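>>> Sharing a model that was predicted from the sequence below.
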Amino acid sequence: MSTIARDPLGTGRVPVGPGMSMFDPMFIGIDEFGEHVTLDVVFHNLLIAGEPGGGKSGLINIAAATAALSENTRLVCFDAKLVELGPWRDISDAFVGPDLDEAISVLRRLLTVAINRYQWLLANRRRKVGRYDGLSTILTVIDEIAMFSTVLGTEAQQKEFSTLLRGLVSLGRACGMPVIGASQRTSWDIIPASLRDLFGYRCAFRCTTTGSSDVILGSGWAELGYSASDINPENRGAAYLLTEGGTPRRIKAAYLSDDDIYNIADYADWMRRPSGITVPATSRTSEWQMAA
Ligand SMILES: Nc1ncnc2c1ncn2[C@@H]1O[C@H](COP(=O)(O)OP(=O)(O)OP(=O)(O)O)[C@@H](O)[C@H]1O
């Protein structure tokens, strides 16, 4: 009789390592023709915005789940509400709740890692990291940017957070440190064009006005007929996705229920233990190594 060492999903079977990589296309849903929609997240930042209940957290969790199951990938989560990204806290290198001091300190550390990686790239005569460099992908996921940039802390701290975030979004993409940021509020003060334009991928879930849709996708798209205000409020998970150089595309994001999310998070946690079947990222540590 075979013995199952550990079976977090309670399926009675030994799970097989998924062998996923952040360098592979990340599946996020289907388009209006039923075709798979995938993103190249390692080299692009993703901005997700739209009115409450549109489906932002669903997409964020798809990305977090992919990262959690991918080899050599680390997660850094910012979630002032705690519960949206909470399932991933045990496998995150850092999980920041409603604490702006901590948010600033974690962003500073991420920027230091990014700068060290550029020094490494320069020393190795390279312009961006590759799949076989051995450097981990560090995915930073921020749910509700506005909580950190306008609600918590003092004005000076909020400004510092916004500056550091802009720095990470500008630096991260070539050194394997992409950022996925979400916002419920779709106004210029929360998503200024100078920040938005650093996101190569922009996903607009249902918005109330054409103006707020343009804040996410970019000025002029609503006039050309691409406005997330056209999305039926009942059609949750529907969005316009703009990828670099393209025109916005109607998509329906994939969706994971809360049970799915916790099952994947438990499985990822088990897989990441040294005794698991694979060890996707070097073990969790409170101090990131210089370029790992
Ligand atoms: N892709 C999807 N397919 C089907 N249903 C979805 C999808 N995404 C979201 N939903 C439904 O819509 C509800 C709200 O989704 P979600 O929490 O992701 O919205 P949100 O935009 O993050 O809201 P908030 O800003 O309040 O956090 C979900 O509980 C789910 O029932």
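Structure received.
>>> How many residues are close by residue 156?
If you count neighbours by other Cβ atoms under 10 Å, residue 156 ends up with 8. Any C-beta I mention is one placed from the backbone N, CA and C, and that applies to glycine too.
>>> helix or strand for it, which one?
Assigned by DSSP states H and E, residue 156 belongs to helix 155-172.
>>> ok, and for that helix, which residues are buried?
Neighbour counts over helix 155-172 (16 or more other Cβ atoms under 10 Å) mark 157-158, 160-162, 164-165, 167-172 as buried.
>>> With respect to per-residue confidence, which of these is lowest?
Across the set of these, residue 172 stands lowest in pLDDT, at 88.
>>> quick one: it and residue 139 touch, right?
No. Using Cβ atoms under 8 Å, residue 172 makes no contact with residue 139, being 9.3 Å away.
>>> what sits in contact with each of those two?
In terms of Cβ atoms under 8 Å, 6 or more residues apart in numbering, residue 172 and residue 139 are both contacted by the residues 178-179.
>>> re the thing from before, can you lay out the buried residues of helix 155-172 as JSON lines showing distance to the ligand?
JSON lines is the format used below for those (distance: Cβ to the nearest ligand atom, whole Å):
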{"residue": "157", "distance to the ligand": "23"}
{"residue": "158", "distance to the ligand": "20"}
{"residue": "160", "distance to the ligand": "25"}
{"residue": "161", "distance to the ligand": "20"}
{"residue": "162", "distance to the ligand": "20"}
{"residue": "164", "distance to the ligand": "24"}
{"residue": "165", "distance to the ligand": "19"}
{"residue": "167", "distance to the ligand": "26"}
{"residue": "168", "distance to the ligand": "22"}
{"residue": "169", "distance to the ligand": "20"}
{"residue": "170", "distance to the ligand": "26"}
{"residue": "171", "distance to the ligand": "27"}
{"residue": "172", "distance to the ligand": "23"}
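>>> Chain neighbours aside, what residue packs nearest to the residue in the stretch 101-250 of the chain that the ligand sits nearest to?
Closest to the ligand within the stretch 101-250 of the chain is residue 237: 2.1 Å, counting by Cβ to the nearest ligand atom. If the residues on either side of it in the chain are set aside, residue 237 comes closest to residue 55, at 3.9 Å by Cβ to Cβ, 6 or more residues apart in numbering.
>>> how about the residues of this protein near the ligand?
Contact residues (Cβ under 6 Å from any ligand atom) of the chain with the ligand: 50, 52-58, 184, 205, 236-237, 253, 255.
>>> Looking at the residues you listed, which are in strands?
In this view, the residues of the chain next to the ligand that belong to strands under DSSP state E are 205, 253.
>>> could the residues of the chain next to the ligand be laid out in a markdown table, adding neighbour count and pLDDT?
Formatted as a markdown table, the residues of the chain next to the ligand follow (neighbours: other Cβ atoms under 10 Å; pLDDT from 0 to 100):
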| residue | neighbour count | pLDDT |
| --- | --- | --- |
| 50 | 28 | 92 |
| 52 | 10 | 90 |
| 53 | 12 | 87 |
| 54 | 26 | 88 |
| 55 | 22 | 90 |
| 56 | 26 | 92 |
| 57 | 24 | 91 |
| 58 | 21 | 92 |
| 184 | 19 | 89 |
| 205 | 30 | 95 |
| 236 | 17 | 92 |
| 237 | 18 | 93 |
| 253 | 24 | 95 |
| 255 | 15 | 94 |
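>>> Pull the most distant pair out of the residues of the chain next to the ligand.
184 and 255 (18.1 Å; Cβ to Cβ).
>>> What's the end-to-end length of stretch 143-161?
This stretch, stretch 143-161, spans 14 Å end to end (Cα to Cα, to the nearest Å).
>>> what does stretch 35-50 give?
By Cα to Cα, the extent of stretch 35-50 from end to end equals 23 Å.
>>> Can you mark which positions in that stretch are buried?
Residues 37, 39-50 are the ones in stretch 35-50 that count as buried (16+ other Cβ under 10 Å).
>>> In a markdown table: these, plus secondary structure.
Output for those, formatted as a markdown table (DSSP: H, G, I helix; E, B strand; the rest coil):
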| residue | secondary structure |
| --- | --- |
| 37 | strand |
| 39 | strand |
| 40 | coil |
| 41 | helix |
| 42 | helix |
| 43 | helix |
| 44 | coil |
| 45 | coil |
| 46 | strand |
| 47 | strand |
| 48 | strand |
| 49 | strand |
| 50 | coil |
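>>> so how far is residue 140 from residue 88?
Look at residue 88 and residue 140: by Cβ to Cβ, to the nearest Å, they are 12 Å apart.
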